[in-house]
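In: sequence and predicted structure, then a few things I'm wondering about:
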Amino acid sequence: MDRIEIKKVTKDKKTLEDYFRLYSILKTVLPEYSRRIEKLEYLNSRNLSSHVLSLNGHVVGGYILHDEGDIAYLEFIALIESSQSKGLGKLLINNLMEEVSKLGFSEVRAETKSENLPIFKKLNFKEYFPGDEGFVSIYLNV
């Protein structure tokens, strides 16, 4: 049986290593966004919360969010290709929603590739703004 763990990234050495593994995944899966998180300062520059998902001890994905007022913004969410279509993305979203609810946010917003819209719609996200170049803005009331 696979061992699945989702943990929050903190400033300790181990989870910072996990953050950089997540960055490496994001760079591969979402190369158009990789420059936004290239430096460690990004982790400290906003009210960010980062979580990594490990499968059998290996980081295979995660998410990064920040807040503005009572709205949480999902900056990034990604899984390596070999871990997709196994329900792990849904686990990440469920973890995200638990955290957002616990922190008292009223809404989660994100921008995603248009091809991922059906996945987010299954999780009750709604489209609120068509984006540029194959992207769409989505939201979910908490």
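Out: Okay, I see it. Numbers count the residues shown, from 1 in each chain.
In: got the phi and psi for the residue lying closest to residue 134 once chain neighbours are set aside?
Out: Nearest residue to residue 134, sequence neighbours excluded (C-beta to C-beta, 6 or more residues apart in numbering): residue 114, at 5.0 Å. C-beta: built from backbone N, CA, C; applies to glycine. Phi and psi for residue 114, reported as degrees, to the nearest 10, are phi -50, psi -30.
In: got it, and residue 24?
Out: According to degrees, to the nearest 10, residue 24 has phi -60, psi -40.
In: OK, contacts around it?
Out: Applying C-beta atoms under 8 Å, 6 or more residues apart in numbering to residue 24 gives no contacts.
In: lowest average confidence, helix or strand, in the chain?
Out: Lowest on mean pLDDT, DSSP states H and E among the helices and strands of the chain sits helix 40-45, with a mean of 50.
In: next secondary structure after it?
Out: Note on helix 40-45: by DSSP states H and E, the next helix or strand toward the C-terminus is strand 48-55.
In: paired strands for that next one, with orientation please.
Out: strand 4-8 (antiparallel), strand 58-68 (antiparallel) (DSSP bridges).
In: could those strands go into JSON lines alongside mean neighbour count and mean pLDDT?
Out: Below are the strands paired with strand 48-55 laid out as JSON lines (neighbours: other C-beta atoms under 10 Å; pLDDT from 0 to 100):
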{"stretch": "strand 4-8", "mean neighbour count": "15", "mean pLDDT": "91"}
{"stretch": "strand 58-68", "mean neighbour count": "21", "mean pLDDT": "87"}
